[in-house]
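1. Provided below for reference: sequence and predicted model.
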Amino acid sequence: MKKKNVAVVMGGYSDEYIVSLKSGQLIFDSLDREIYNVYKVVILKNEWYFLDDRDQKTPINKADFSVNLSSGFTVKFDVCFNIIHGKPGENGELQAYWDTIGQKYTGCGFYQSALTFNKKDTLAVLSKYGIPSAKSIYLRNGQDINEDEIVAELGLPLFVKPNQSGSSLGITKVKEKSELKKALDFAFAEDDEILIESFLNGMEVSVGVVDFEGETIVLGITEIVPKEGKEFFDYEAKYEGASDEITPARIDDETRIKVEEIAKRAYESLGMSGFSRSEYIIMDGIPYMLEMNTNPGFSPASILPQQAKHFGISIKDLCGNEVEKALQKKP
């Protein structure tokens, strides 16, 4: 049987590209070389290129996402394994381009990517399916802002976050009204739309959900415990070891079942496919959704690979399942 050509596509246009390169390396290393020819493709703002074993770059032909090697041989990819965090791989831009040229790819489609990258719209859609979230105020850059009204409506502390951003970039926990202006500026530096959310005082959990061998499964529920001095799961806590991640989370069976049921309902209600990781705060036994990531971190230290190991699925099988599903999609 002829081996299929798989491009592991990593990088991206945001500050998350460094994490994406680590995620891409793990997938590149894990895919079965008995079945696939595996290639590295890096997409950055200034250049798209194939990276060979000697770290030599060859430009990607954007007309059909192929690469012309120095040997004169042109490689077309049967599947692109999308592991870009943030833009353009997690907001639908890349998926729309691949759809246009007829390129098969892993994960969810254009619509699901664009929707889930927008926190406000995701939570609004999921509220129709009975999935609760924090009380919030949505603001666009340049809008008149009344700090007194915001504090009166949401109380303190509260969270200010970019509406479309990943890896907890641009998020601030605001304890005093005097801190609000700085927090708004910080979030607007990441995005022209922001969400201000009421504080949910409970346990934060991260829930991995995938469709594996035809079934939607919850890989695991991981409890997030920020280390001393860290008040929430920010970039440093996620990627620089400033939090403890406990899998499985220390919750009772009744709460676990409730979290699993809501996480699966969210995944299926949005018509998701591929990897996903959703964040929740459990307060008084109720999971409140914060956001859904459709291309979550997948480096060896990331939560989803940890959950897969706990569930008993190897990274090789998890990644292979994604490729096989993509091969079966109609272009």
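-> Great, that's in hand. Residues are numbered from 1 along each chain as shown.
2. Mind listing residues that contact stretch 254-268?
-> 126, 129-131, 205, 207, 209, 211, 216, 218, 221, 248-249, 251, 276, 278, 280, 282, 285-287, 289, 292 (C-beta atoms under 8 Å, 6 or more residues apart in numbering). In this view, the C-beta of every residue, glycine as well, is placed from N, C-alpha and C.
3. filter those to the buried ones?
-> Burial by neighbour count, 16 or more other C-beta atoms under 10 Å: within the contacts of stretch 254-268 this picks out 126, 131, 205, 207, 209, 211, 216, 218, 221, 249, 251, 276, 278, 280, 282, 287, 289, 292.
4. Helices - which of these land there?
-> Leu126 (DSSP state H).
5. Next step: the contacts of stretch 254-268 restricted to strands.
-> Per DSSP state E, strands hold the following members of the contacts of stretch 254-268: 205, 207, 209, 211, 216, 218, 221, 276, 278, 280, 282, 286-287, 289, 292.
6. farthest-separated two in these?
-> With distances taken as C-beta to C-beta, the most widely separated pair in these is Asp211 and Ile286, at 25.8 Å.
7. quick one, longest helix in the chain?
-> Criterion DSSP H: the longest helix present in the chain is helix 253-269.
8. which parts of it are buried?
-> Per 16+ other C-beta under 10 Å, helix 253-269 contains these buried residues: 255-256, 258-260, 262-263, 265-267.
9. ditto for stretch 2-20
-> Buried residues in stretch 2-20 (16+ other C-beta under 10 Å): 4-17, 19-20.
10. What is the most widely separated pair among these?
-> Across the buried residues of stretch 2-20 (C-beta to C-beta), the longest gap, 32.6 Å, separates Lys4 and Asp15.
11. Report the beta-bridge partner residues of Leu51.
-> Lys40, Lys57 (DSSP bridges).
12. Could you export the longest helix of the chain as PDB, CA atoms only?
-> The C-alpha trace of helix 253-269 is given here as PDB (Å, rounded to 0.1, in the frame of the first residue of the first chain):
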ATOM      1  CA  ASP A 253     -18.500  11.000  40.900                       C
ATOM      2  CA  GLU A 254     -21.700  13.000  40.600                       C
ATOM      3  CA  THR A 255     -19.700  16.200  39.700                       C
ATOM      4  CA  ARG A 256     -17.500  14.200  37.300                       C
ATOM      5  CA  ILE A 257     -20.500  12.800  35.400                       C
ATOM      6  CA  LYS A 258     -22.000  16.300  35.200                       C
ATOM      7  CA  VAL A 259     -18.800  17.800  33.800                       C
ATOM      8  CA  GLU A 260     -18.300  14.900  31.300                       C
ATOM      9  CA  GLU A 261     -22.000  15.200  30.100                       C
ATOM     10  CA  ILE A 262     -21.700  19.000  29.600                       C
ATOM     11  CA  ALA A 263     -18.300  18.700  27.800                       C
ATOM     12  CA  LYS A 264     -19.600  16.100  25.400                       C
ATOM     13  CA  ARG A 265     -22.800  18.100  24.800                       C
ATOM     14  CA  ALA A 266     -20.800  21.200  24.000                       C
ATOM     15  CA  TYR A 267     -18.600  19.300  21.600                       C
ATOM     16  CA  GLU A 268     -21.500  17.600  19.800                       C
ATOM     17  CA  SER A 269     -23.700  20.700  19.800                       C
END
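13. And that helix, how far out from the chain middle?
-> From the chain centre to the centre of helix 253-269 is a distance of 18 Å (C-alpha atoms, centre = their mean, to the nearest Å).
14. Ok, stretch 12-32 next?
-> On the basis of C-alpha atoms, centre = their mean, stretch 12-32 sits 12 Å off its chain's mean C-alpha point.
15. average pLDDT for that stretch?
-> Model confidence over stretch 12-32, given as mean pLDDT, is 95.
16. which residues does Glu180 contact?
-> Heads up, residue 180 is Leu, not Glu. Counting by C-beta under 8 Å, 6+ apart, Leu180 has contacts 147, 150-151, 160, 174.
17. in the stretch 151-300 of the chain, which ranges drop under the pLDDT threshold?
-> Within the stretch 151-300 of the chain, the stretches with pLDDT under 70 are 166-168, 229-242.
18. Dihedrals phi and psi, Ile251?
-> Note on Ile251: its backbone torsions stand at phi -130, psi 160 [degrees, to the nearest 10].
19. likewise Leu115?
-> Backbone torsions for Leu115, taken as degrees, to the nearest 10, come to phi -70, psi -50.
20. same thing with Val225?
-> Torsion angles, degrees, to the nearest 10, at Val225: phi -120, psi 100.
21. Thank you kindly, that will do.
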